[in-house]
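Engineer: Here's my sequence, what's the structure:
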Amino acid sequence: EPLELAGHATLLTASDSAGAVFGVWQAGDFPGAQLVDEPGSLVWNELVVTDADRALDFYHRVFGHGARTSPDSDYSVLELDERPVGGVLPMSAVEEPVAALGPHWAVYFGVESTEDTIAHARRLGATTADGPNDTPYGRIATLRDPQGAFFGVVDARDAAPSPAGG
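Structural biologist: Reported below is the predicted structural model:
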């Protein structure tokens, strides 16, 4: 059920048609994320699922997201009002240990240096799950924090504009 947060916001946690958990935030006097696409902030969200077409249909029906699928891959970009808001990646395109998570949303934070961030995170108890890898959108790595949660970092300083527009 939706959870009222003392007038600050209403939060709903649910799972989509593929079983990936997601949250919905209805702002009250606390608007939520105001800074995005900057170092230290959220830069991208990505859904990893076994049935991408089913997930794309679900998010279109629930939130009105359109989708643009890359002609040379199975990667799709979710769009709202023609603005990229997230990606959808088939489970078959990821390797262990990420595939072992099952359907899930991944979050990526912008950083000024992927290597420096990896080294700092390791000193704080994180481990590297994948990367770093060079992509058209920047140098990306997936890390696992000391509690086991995965998150991504991307250094986009020298990259082409990201799908998220940042």
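Engineer: Show the contacting residues for the residue lying closest to Gln26 once chain neighbours are set aside.
Structural biologist: Spatial nearest neighbour of Gln26, excluding adjacent residues (CB to CB, 6 or more residues apart in numbering): Thr10 at 4.3 Å. Just so you know, the C-beta spots here come from the backbone N, C-alpha and C atoms, and that holds for glycine as well. By CB atoms under 8 Å, 6 or more residues apart in numbering, the contact set of Thr10 is Pro2, Leu3, Glu4, Trp25, Gln26, Gly28.
Engineer: Hmm, the fourth one is touching Thr13, no?
Structural biologist: No - here Trp25 lies out of contact with Thr13, judged by CB atoms under 8 Å, at a distance of 10.2 Å.
Engineer: Looking at these two, which one has more neighbours?
Structural biologist: Trp25 (14 against 11; other CB atoms under 10 Å).
Engineer: Quick one: residues contacting that one.
Structural biologist: Ala9, Thr10, Leu11, Gly32.
Engineer: Which element, helix or strand, includes it?
Structural biologist: strand 21-27 (DSSP states H and E).
Engineer: So which bits of that strand are buried?
Structural biologist: Phe22 (16 or more other CB atoms under 10 Å).
Engineer: Taking strand 21-27 as reference, get the angle to the helix or strand just after that strand.
Structural biologist: Per DSSP H and E, the first helix or strand lying C-terminal to strand 21-27 is strand 42-49. Strand 42-49 and strand 21-27 meet at an angle of 140 degrees, taking axes from the mean of the first three to the mean of the last three CA atoms, to 10 degrees as the criterion.
Engineer: Which elements pack onto strand 42-49?
Structural biologist: helix 52-63, strand 83-90, strand 104-110, strand 150-155 (3 or more CB pairs under 8 Å, 6 or more residues apart in numbering; DSSP states H and E).
Engineer: Just the mean pLDDT for it, thanks.
Structural biologist: The pLDDT scores in strand 42-49 average 91.
Engineer: just how off-centre is the strand holding Trp25 within its chain?
Structural biologist: With CA atoms, centre = their mean, to the nearest Å as the basis, strand 21-27 stands 14 Å off its chain's centre.
Engineer: Could you do stretch 85-104 as well?
Structural biologist: Its chain's C-alpha centre and that of stretch 85-104 lie 11 Å apart, by CA atoms, centre = their mean.
Engineer: Ok, stretch 107-114 next?
Structural biologist: That offset, for stretch 107-114, works out to 12 Å (CA atoms, centre = their mean).
Engineer: buried ones in that stretch?
Structural biologist: Tyr108, Phe109, Gly110, Val111, Thr114.
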